[in-house]
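Peer 1: any chance you can model this:
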Amino acid sequence: MSGFAMCLVAACAGADPDFAIACQRDDDRIEVVVEAKRTVLEVVSPRGIGSASIRRCRPQWPATLLLRLHLRGLEMLRLAAGPVAFEVAVSSSPPHAVRRSVSQPGSQRDKTIDRSSRYWTEVRILNADGQPAGGQPDEGGYFELELPAELLSRNPEAIEIRWIDFYRD
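Peer 2: Alright, predicted model coming up:
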């Protein structure tokens, strides 16, 4: 991606990096935490608007990939993996409704998804202690979601991520 700065890349000791990450803005960063049963991508974006490309350096994506967005709001999150794009939006005003949609090849419109969809995932709003937060995250809080396995089922080389905390006038 031209115009993107290289961001933090995670590596296991003595091993090749798991991901190559390029962030659009120099002050954004994505930290990768590899845990026993999941890999966590921690997105920190001081401006609240950004994008990144995450390219896998291994043959397969991790079985469980969790995204943590350290943002004060989440008006838009778009995850594109190959020809499929998954979007999440959390309303900034009460009752803070969560909307999810997916667009696929051959579809002219985004399709709103529900719990019966293969793309369904819970979106959690947590405080700085990792406990459920009401409404929007407080200082140090974050949004958390597991990437739907279906999004990575074709094993794309990269995932493109775009986020907006709050729409601005």
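Peer 1: need the pLDDT of Gly48.
Peer 2: At Gly48, the model reports a pLDDT of 96.
Peer 1: once you drop chain neighbours, what's closest to it?
Peer 2: Spatial nearest neighbour of Gly48, chain neighbours left out: Asp165 (3.3 Å); criterion: C-beta to C-beta, 6 or more residues apart in numbering. Every residue, glycine included, has its C-beta placed from N, CA and C.
Peer 1: and the one you found, what does it touch?
Peer 2: Ser45, Gly48, Ile49, Leu71, Arg72, Gly73, Leu74, Glu75 (C-beta atoms under 8 Å, 6 or more residues apart in numbering).
Peer 1: now with 7 Å?
Peer 2: Gly48, Ile49, Leu71, Arg72, Gly73, Leu74, Glu75 (C-beta atoms under 7 Å, 6 or more residues apart in numbering).
Peer 1: mind checking which of those residues land in strands?
Peer 2: The strands, defined by DSSP state E, take in Ile49, Leu74, Glu75 from those.
Peer 1: can you tell me which of these is nearest Val32?
Peer 2: Of all the ones in strands among the contacts of Asp165, Leu74 has the smallest distance to Val32: 20.4 Å, by C-beta to C-beta.
Peer 1: Ile21 against Ile54, yeah?
Peer 2: Yes: when contacts are counted by C-beta atoms under 7 Å, Ile21 is listed as touching Ile54 (5.3 Å).
Peer 1: low-confidence bits of this structure, can you list those?
Peer 2: 1-16, 107-108, 169 (pLDDT under 70).
Peer 1: now do the helices in it.
Peer 2: For the chain, helices defined by DSSP state H do not occur.
Peer 1: for it, which segments count as strands?
Peer 2: 5-6, 19-23, 29-34, 39-44, 49-56, 65-70, 74-81, 84-90, 98-103, 111-112, 123-126, 142-146, 158-164.
Peer 1: dump these into CSV; add distance to Pro132 as well.
Peer 2: Shown next, in CSV, are those (distance: least, C-beta to C-beta, whole Å):
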stretch, distance to Pro132
strand 5-6, 34
strand 19-23, 29
strand 29-34, 21
strand 39-44, 18
strand 49-56, 25
strand 65-70, 14
strand 74-81, 15
strand 84-90, 14
strand 98-103, 13
strand 111-112, 24
strand 123-126, 6
strand 142-146, 10
strand 158-164, 21
